[in-house]
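Enquirer: Structural data only, the sequence is not supplied:
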């Protein structure tokens, strides 16, 4: 075991959080707390009406909703398991562990969100939660991440050699950069494009909050990856970098395939190719975030997506929840 650094540090007491060494981890924790939300805060009444009434949603729009609920419902659990079962074990720094516990809680909230959506719309849970096995483009993405991250699930795995630290980085990139930073984003764009048409607004708002959480998860993951690289300079070799770039390119192919599958006919003003362009645009940003060169050079076709990441919690509260609080007689002004 190492005697210093952010992983497998035998010199640190994981129960002693002060003084802190990695202040960025503390900031991510505070950002997560500031983002706090629960799915029940968001009304699904209009969504239920639109889902049940004929001729409100096209078949393409219904498919888009179902495919994204199907992918995200299991992907969030997969992410949570990776955090709890693998990352937490090897990242021994206490402030990082504090954030990982916060992230695990947020993944539980996200899982609860899809329970809430399925219950509200009256969807068949066997169908939704089985899509990761029955829909090829969803299964391919999940299988890809499971394959990427299976090595460090071995209880005997330790980050005690350069090769093993590379494997740990490989797997961190798998579920922070690829799963949370790439595989989630075509789905985010689809659901928020639908919301912009005033359709399935409740689910769209849920996805906005999830995306805001995921932007912090991604930031933490990239900071963790970059810190491990800095503290172990022998691991970030040109050969290893090339291996990571090829891995990410494969992920792009899968995400683009999913984009065409989930939204084959496009929706008002947006087609599957634009979702693919958006994927390539964000992938370049992910590559740069871990000090790798851009590959695609695409412009952002959806500038409005950044507004969702900057979503104001206060805006949500005062625009959609005041009536509920007034009805309950508990609205207070400070």
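Expert: Here it is on my side, so go on. Because the structure is a prediction, the values reported are computed rather than measured.

Enquirer: ok, and the residue nearest to residue 188 when sequence neighbours are not counted, which helix or strand is that part of?
Expert: Leaving aside its chain neighbours, residue 188 sits nearest to residue 211 (4.8 Å; criterion: C-beta to C-beta, 6 or more residues apart in numbering). C-betas here are computed from N, CA, C, even on glycine. Using DSSP states H and E, residue 211 maps to helix 201-231.

Enquirer: before we move on, the earlier item: burial measure for the residue nearest to residue 188, as a count.
Expert: For residue 211, the number of neighbouring residues by other C-beta atoms under 10 Å comes to 20.

Enquirer: any idea where the helices of the stretch 1-150 of the chain begin and end?
Expert: 23-34, 45-52, 59-82, 88-90, 94-121, 125-129, 131-134, 136-149 (DSSP state H, counting those that start in this stretch).

Enquirer: Tell me which of these sits nearest to residue 14.
Expert: Of all those, helix 94-121 sits nearest to residue 14, with 5.2 Å by C-beta to C-beta.

Enquirer: Report all helices and strands that that closest one contacts.
Expert: Other helices and strands packing on helix 94-121, by 3 or more C-beta pairs under 8 Å, 6 or more residues apart in numbering; DSSP states H and E, are helix 23-34, helix 45-52, helix 59-82, helix 88-90, helix 125-129, helix 201-231.

Enquirer: Which one of the helices of the stretch 1-150 of the chain lies nearest to residue 188?
Expert: helix 59-82 (8.6 Å).

Enquirer: and that closest one with helix 45-52, angle?
Expert: 120 degrees (axes from the mean of the first three to the mean of the last three C-alpha atoms, to 10 degrees).

Enquirer: Next, the buried residues of helix 59-82.
Expert: 61, 63-82 (16 or more other C-beta atoms under 10 Å).

Enquirer: Where do the helices of the stretch 201-334 of the chain begin and end?
Expert: Taking DSSP H, counting those that start in this stretch as the criterion, the stretch 201-334 of the chain carries its helices at 201-231, 238-262, 272-289, 305-309, 313-320, 322-327.

Enquirer: Show the average pLDDT along the longest one.
Expert: If you average the pLDDT over helix 201-231, you get 97.

Enquirer: Buried ones in that helix, by neighbour count?
Expert: By neighbour count on 16+ other C-beta under 10 Å, the buried set for helix 201-231 is 201-229.

Enquirer: does residue 40 really touch residue 117, like I thought?
Expert: No - counting by C-beta atoms under 8 Å, residue 40 does not reach residue 117; the two are 11.4 Å apart.

Enquirer: Which one's more surrounded, the two?
Expert: Neighbours per residue (other C-beta under 10 Å) separate residue 40 from residue 117, with residue 117 holding more: 25 against 10.

Enquirer: gap between the more buried one and residue 184?
Expert: Computed as C-beta to C-beta, to the nearest Å, the residue 117 to residue 184 distance reads 16 Å.

Enquirer: How about residue 209: what's its closest non-neighbour residue?
Expert: Closest residue to residue 209 apart from its sequence neighbours, by C-beta to C-beta, 6+ apart: residue 37 at 5.0 Å.

Enquirer: and the one you found, what are its phi and psi?
Expert: The phi/psi pair for residue 37 (degrees, to the nearest 10) reads phi -160, psi 170.

Enquirer: Count residues in the vicinity of it, would you?
Expert: Look at residue 37: counted by other C-beta under 10 Å, it has 21 neighbours.

Enquirer: same check, this time on residue 43
Expert: 16.

Enquirer: quick one: it and residue 202 touch, right?
Expert: Yes - with contact defined as C-beta under 8 Å, residue 43 counts as touching residue 202 (5.8 Å).

Enquirer: Could you report the neighbour count for residue 296?
Expert: Around residue 296 there are 14 other residues, counting by other C-beta under 10 Å.

Enquirer: I figured it was touching residue 276, is that so?
Expert: No - shown here, residue 296 and residue 276 do not form a contact pair, counting by C-beta under 8 Å, at 10.0 Å.

Enquirer: Give me the below-cutoff pLDDT ranges for the stretch 201-334 of the chain.
Expert: Applying pLDDT under 70 to the stretch 201-334 of the chain flags the ranges 268, 307-334.

Enquirer: switch to 50 and redo it
Expert: By pLDDT under 50, the low-scoring segments of the stretch 201-334 of the chain are 311-334.

Enquirer: about what we covered before: wait, the residue nearest to residue 209 touches residue 208, no?
Expert: No - applying C-beta under 8 Å as the test, residue 37 and residue 208 come out as separate, 9.8 Å apart.

Enquirer: could you say what helices and strands the helix holding residue 211 packs with?
Expert: The contact analysis (3+ C-beta pairs under 8 Å, 6+ apart) places helix 201-231 against helix 23-34, helix 45-52, helix 59-82, helix 94-121, helix 162-172, helix 185-196, helix 272-289, helix 305-309.

Enquirer: same for the fifth one, what does it pack against?
Expert: Helices and strands touching helix 162-172, as assessed by 3+ C-beta pairs under 8 Å, 6+ apart, comprise helix 136-149, helix 201-231, helix 238-262.

Enquirer: Repeat that for the first one.
Expert: Where contact means 3+ C-beta pairs under 8 Å, 6+ apart, helix 23-34 is packed against helix 94-121, helix 201-231.
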